[in-house]
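> Provided below are the primary sequence and the corresponding predicted coordinates.
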Amino acid sequence: MGAAGVMLSVDRLNVYIQASHILRDVSLAVGPREVVCLVGRNGAGKTTTLRSILGYLAPQSGTIRFLGRDIAGRRPFEIAQQGLGFAPEDSAIFADLTVAENVEISTWTRKTSRTAEERLALAYAVFPALTRYRARKGTQLSGGERKMLSIARALALDPTMLLLDEPFEGLSPAIIPEIGQSILEITTMGHAILIAESNIHHVPEYTTRLYVIERGEIVFSGPPAEVWKDEAVLRIIGGTPSWQSFR
């Protein structure tokens, strides 16, 4: 991918947490409207990569560029204002607030060319199931509904790009295709998406590029279909040599 076609680029990123070397020369790239997946076992470095991009962890070395700007070392709220939205693994919704209040919060924190009303309408259009739960508090939602709310809240920020940490983790098989379709709809609205995922079978079929991370190092980079030809990588991520992503 040429530099002109890159929205987010991470180059030779090294991150330490206390004395532990967690990320080792991690490099990846995401282009406009792409869905890119970072796959790895629990503890492999997926969330650390996302948190480093978002400014929660400071890299020891390497570069992180978003829309041509160096964002390494910037504070999380500054990075969010540049147009990076985030839905964490634990959803991190405000349990004491209603669904409507959770989604609306994002419209207060970043001003864009879209009005707050337009941004809310887009978020509910992608996740129409949330419309009938607007008055419910976070404590009254199922796991799948909390995932939807977390992504909808990030979408209401009107970001250029979304980072999703384990959006399918812990969900029933019945809800996974619904959320997968919603993520695809987000890309048709012009957003790029980087997904961190521990289960190779949850990688959406519309993923344009796949990275596999193991012990803080990228051990595979390429088209998703190619990973099934690499038996060494499949042993790492627990895959079987057949394409089993959901449709």
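Received, thanks.
> In PDB, list the C-alpha atoms belonging to the helix or strand harbouring Val15.
Remark: Val15 resides in strand 8-17, with elements defined by DSSP states H and E. Output for strand 8-17, consisting of C-alpha atoms alone and laid out as PDB, is shown next (Å, rounded to 0.1, in the frame of the first residue of the first chain):
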ATOM      1  CA  LEU A   8      -3.200   4.900   9.700                       C
ATOM      2  CA  SER A   9       0.400   3.700   9.700                       C
ATOM      3  CA  VAL A  10       2.200   2.000  12.600                       C
ATOM      4  CA  ASP A  11       5.900   1.500  11.900                       C
ATOM      5  CA  ARG A  12       8.400  -0.500  14.000                       C
ATOM      6  CA  LEU A  13       6.500   0.200  17.200                       C
ATOM      7  CA  ASN A  14       8.200  -0.800  20.500                       C
ATOM      8  CA  VAL A  15       6.300  -0.600  23.700                       C
ATOM      9  CA  TYR A  16       7.300  -1.500  27.200                       C
ATOM     10  CA  ILE A  17       5.100  -1.800  30.300                       C
END
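> Which strands or helices does that strand pack on?
For strand 8-17, the contact count by 3 or more Cβ pairs under 8 Å, 6 or more residues apart in numbering; DSSP states H and E identifies strand 20-30, helix 46-53, strand 61-66 as packing neighbours. For glycine as for every other residue, the C-beta is placed from the backbone atoms N, C-alpha and C.
> mean confidence score for it?
Within the predicted structure, the mean pLDDT of strand 8-17 is 95.
> Name the stretch among the helices and strands packed on strand 8-17 that sits most buried.
Most buried of those by mean neighbour count (mean count of other Cβ atoms under 10 Å) is helix 46-53; its value is a mean of 23.
> contacts for it?
Residues lying outside helix 46-53 but in contact with it, judged by Cβ atoms under 8 Å, 6 or more residues apart in numbering, are 8, 10, 13, 15, 17, 22-23, 26, 28, 38-40, 57-59, 64, 66, 71, 79, 84, 86, 89, 163, 165, 194, 196-198, 213, 216.
> quick one on the thing from earlier: roughly how far is the strand holding Val15 from the heart of the chain?
The chain centre lies 16 Å from the centre of strand 8-17; the measure is Cα atoms, centre = their mean, to the nearest Å.
> Done for today, thanks.
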